[in-house]
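1. Compute the structure for the input listed below.
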Amino acid sequence: GLDVSEEYAEVGRKHWREAGAEDYIDFRVGDASASLDAMLEEDDLGPGSVDLCFIDADKVGYDGYYERCLRLTRSGGIVAVDNAVWGGRVALPDEILEALAGFPEGDDDDGPLAGVAEAARSTRCVKALADKIAKDDRVERVCFLTMADGVIICRKK
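-> Numbering: from 1, shown residues only. Take a look at the predicted model:
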């Protein structure tokens, strides 16, 4: 597992210990892109060595995480992408997202429009990755779960 927070890691470790799975989970704290790149270069990991990758991070980085995870995942392994519904924002037309993404943030971080541009940029990235996965011939059996905030599940060929 990867996370930027040691605090979140402790929540997971408690459950891993209770399940007797702690010895099977490699958890790292730090930047996801750098950690995934390092994993791809390690002798005991490397390309095609992981059974499951679950992506739930900054949405603007989703495509890069997907590509790295696809390289890490073995043939027949699973890549899952969280927040595929993204609060329903993925249903917004591209033209509206484009306009919102260019919206100036301004100085008022707590105002009614705070975060509009960032949310629109994130939504565009989530939509783009969903479209990419649907057409990606490197994966099969793509499933789009609409539970919670949506999860895309695919199996690497």
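2. Looking at the lengthiest strand in the chain now, give me its mean pLDDT.
-> Across the chain, the longest stretch assigned as strand under DSSP state E is strand 73-82. Strand 73-82 shows a mean pLDDT of 97.
3. what's the answer for stretch 21-40, then?
-> 90.
4. Flag every buried residue along it.
-> Ala32, Ser35, Leu36, Met39 (16 or more other C-beta atoms under 10 Å). Heads up, the C-betas are built off the backbone N, CA and C, glycines and all.
5. Mind checking which of these land in helices?
-> Among the buried residues of stretch 21-40, the ones falling in helices (DSSP state H) are Ala32, Ser35, Leu36, Met39.
6. measure the second one to Val29 for me?
-> Separation of Ser35 from Val29 (C-beta to C-beta, to the nearest Å): 8 Å.
7. list residues touching both of these two?
-> Listed as contacting both Ser35 and Val29 by C-beta atoms under 8 Å, 6 or more residues apart in numbering are Leu2.
8. Where is the longest helix in this protein?
-> Longest helix of the chain, by residue count under DSSP H: helix 116-135.
9. Only the C-alpha atoms, please, for that one, written as CSV.
-> The C-alpha atoms that make up helix 116-135 are tabulated as CSV, following Å, rounded to 0.1, in the frame of the first residue of the first chain:
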residue,chain,number,x,y,z
VAL,A,116,-14.3,25.1,-8.3
ALA,A,117,-11.5,25.1,-10.8
GLU,A,118,-9.6,22.4,-8.9
ALA,A,119,-12.7,20.2,-8.7
ALA,A,120,-13.3,20.7,-12.4
ARG,A,121,-9.7,19.8,-13.3
SER,A,122,-10.0,16.7,-11.1
THR,A,123,-13.3,15.7,-12.7
ARG,A,124,-11.8,16.0,-16.2
CYS,A,125,-9.0,13.7,-15.2
VAL,A,126,-11.3,11.1,-13.7
LYS,A,127,-13.5,11.1,-16.8
ALA,A,128,-10.5,10.9,-19.1
LEU,A,129,-9.1,7.9,-17.3
ALA,A,130,-12.5,6.1,-17.4
ASP,A,131,-12.7,6.7,-21.1
LYS,A,132,-9.1,5.5,-21.5
ILE,A,133,-9.7,2.3,-19.5
ALA,A,134,-12.9,1.5,-21.5
LYS,A,135,-10.8,1.5,-24.7
